[in-house]
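A.B. asks: Fold the following for me, if possible:
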Amino acid sequence: MNSIQRLTQKIIEFRDERDWAQFHNPKDVALSLVLEATEVLEHFQWKNGVDVDEYVEKNKQDISEELADVLYWILLMSHDLNIDIEESLERKIEINNKKYPVEKSKGNSIKYNKL
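C.D. replies: Numbers count the residues shown, from 1 in each chain. Okay, the predicted model is just below:
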């Protein structure tokens, strides 16, 4: 069992012990994912440059917990929709490698359709 499978199993056990699967339809799980992602964003709102670096240094634990919440919902949704998220990520990396070839995209932030 790999790390992703082990973490997913822990999440499912946590949910099932509380009988929460009844509340976890795809729409509400997706909403929870977005809500947690916005909590990550809140840490960076109105900050830039040195402010961000200092803030991250002082608040790394809080940020890590918000990122863990996002991962929680990603793994739960992947499980419930029977999506192999590891395979999906591998495939997406391959797609992005084709969309953003190094020789065209290195050092710039231009979207693939404008390269």
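A.B. asks: For residue 48, give its distance to residue 7.
C.D. replies: From residue 48 across to residue 7, the span is 33 Å (C-beta to C-beta, to the nearest Å). For every residue, glycine as well, the C-beta is placed using N, CA and C.
A.B. asks: Between the two, point out the one with more neighbours.
C.D. replies: Neighbour count, other C-beta atoms under 10 Å: between residue 48 and residue 7, residue 7 has more, with 15 against 8.
A.B. asks: Quick check, pLDDT for the more buried one.
C.D. replies: Looking at residue 7, its pLDDT is 98.
A.B. asks: now swap in the one 10 residues further on and tell me
C.D. replies: Reading off the confidence values, residue 17 has pLDDT 98.
A.B. asks: What of residue 114?
C.D. replies: Residue 114 carries a pLDDT value of 85.
A.B. asks: Residue 3 now?
C.D. replies: At residue 3, pLDDT is 96.
A.B. asks: By average pLDDT, which secondary structure element in the chain comes out worst?
C.D. replies: The least trusted helix or strand in the chain, going by mean pLDDT, DSSP states H and E, turns out to be helix 102-105, with a mean of 92.
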